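K.L.:
Got a sequence here, can you build the structure:
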Amino acid sequence: MLSYQHAYHAGGPADVHKHVILARMLTVMLRSPRPISYLETHAGRGLYDLASAETAKTREAHEGIAIANLEREPLGEVLANVQDTFGNTAYPGSPAIAALMLRDQDDMHLMELHPAEHRALSNNLPGANLQRRDGYEGLCATSVPRTHQTLILIDPSYEVKSEYVHVAGKVPQILDTHPNATILIWYPILRAARHEAMVDQLSDLAPLRHEISFDLKDGKGMTGSGMLVLNPPKGFDPGPKRLP
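P.N.:
Below you'll find the model as predicted:
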């Protein structure tokens, strides 16, 4: 949805969950000398200010990054580098995490349809391969060398109720283009439990399901965060089912 802006949720517990797993995945894949192609469907702006009016309005970061212990997490080193460069209230989105962890021989392909978010992403990651288009179409239209490891992050806003089923329907198409890709699918856990239909539909493709629970906004918002993992590399461990 073009009305969605991730800045309201930056650094929240769901963000930390997603980014901890992403950084852990990249750490494992970087052990191989094979280049990595990183692709993302809903990139956002890439860099956030936790002192902004948007994050102050929701205060989700106070329940996430403010209380997380990242001392032993790969994400902790990325966050320290970002804050050394941009200040203590800076927080990296997934594109910035990937950009800081990837090597010269690796590449990125980022899709972001929202015009303001795309402009901000262009400013925050100059020189990155950005596409202002539907993320799923972008994935299916982007080819990567067969010799590369491929990592795909799918993390829509799910503001539209049908997005869960939409994601499940798109995954086989994406695998047609990237059959050996490792795919991370993030989803929010709400009381309505709409994510269960998506999880059930993808259960054969993504047997690895990692979820955490939390009490956000006195139970009026998300009750947890989930990640499905398709084709994880050997040695990948998503970690304990709680915030670090």
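K.L.:
Over to residue 186. Which of the three states is it?
P.N.:
Using DSSP: H, G, I helix; E, B strand; the rest coil, the structure places residue 186 in strand.
K.L.:
Tell me how far it lies from residue 6.
P.N.:
Look at residue 186 and residue 6: by Cβ to Cβ, to the nearest Å, they are 12 Å apart. The C-beta positions use only the backbone N, C-alpha and C, and glycine is treated the same way.
K.L.:
quick one: buried residues of the helix-or-strand element of the chain with minimal mean pLDDT?
P.N.:
Within the chain, no helix or strand scores below helix 53-58, which has a mean of 86 by mean pLDDT, DSSP states H and E. Neighbour-count burial for helix 53-58, counted by 16 or more other Cβ atoms under 10 Å, picks out 54-55, 58.
K.L.:
could you point out which element follows the helix ranked longest in the chain?
P.N.:
Looking across the chain with DSSP state H, the single longest helix is helix 13-29. On the C-terminal side of helix 13-29, the closest following helix or strand by DSSP states H and E is strand 36-40.
K.L.:
What is the helix or strand just after that next one packed up against?
P.N.:
Per DSSP H and E, the first helix or strand lying C-terminal to strand 36-40 is strand 47-49. Applying 3 or more Cβ pairs under 8 Å, 6 or more residues apart in numbering; DSSP states H and E, one finds that strand 47-49 contacts strand 90-92.
K.L.:
How about residues contacting the strand it packs on?
P.N.:
The contact list for strand 90-92, computed with Cβ atoms under 8 Å, 6 or more residues apart in numbering, reads 10-11, 15, 19, 46-50, 61, 65, 78-79, 82-83, 100.
K.L.:
ok so, going back, show me what the longest helix of the chain is packed up against.
P.N.:
strand 36-40, helix 74-86, helix 94-101, strand 149-154, strand 182-189, strand 208-213, strand 224-230.
K.L.:
That one relative to strand 208-213, how many degrees between them?
P.N.:
Counting by axes from the mean of the first three to the mean of the last three Cα atoms, to 10 degrees, helix 13-29 points 150 degrees away from the direction of strand 208-213.
K.L.:
relative orientation of helix 13-29 and helix 74-86 in degrees?
P.N.:
Using the same axes, to 10 degrees: helix 13-29 against helix 74-86 is 110 degrees.
K.L.:
List the residue ranges of this structure that fall below the pLDDT cut-off.
P.N.:
1-5, 217-219 (pLDDT under 70).
K.L.:
repeat that with 90
P.N.:
1-10, 54-64, 126-128, 159, 206-207, 215-222 (pLDDT under 90).
K.L.:
and for the helix or strand harbouring residue 140, what are the contacting residues?
P.N.:
For residue 140, the host element (DSSP H and E) is helix 135-141. Contacts with helix 135-141, where a contact means Cβ under 8 Å, 6+ apart, come from 39-42, 109, 111-113, 131, 152, 154, 156, 170, 173-174, 176-178.
K.L.:
Could you pull out the buried residues of that helix?
P.N.:
Buried residues in helix 135-141 (16+ other Cβ under 10 Å): 135-136, 138-139.
K.L.:
What of stretch 235-244?
P.N.:
Here stretch 235-244 shows 236, 238, 243-244 as buried, counting by 16+ other Cβ under 10 Å.
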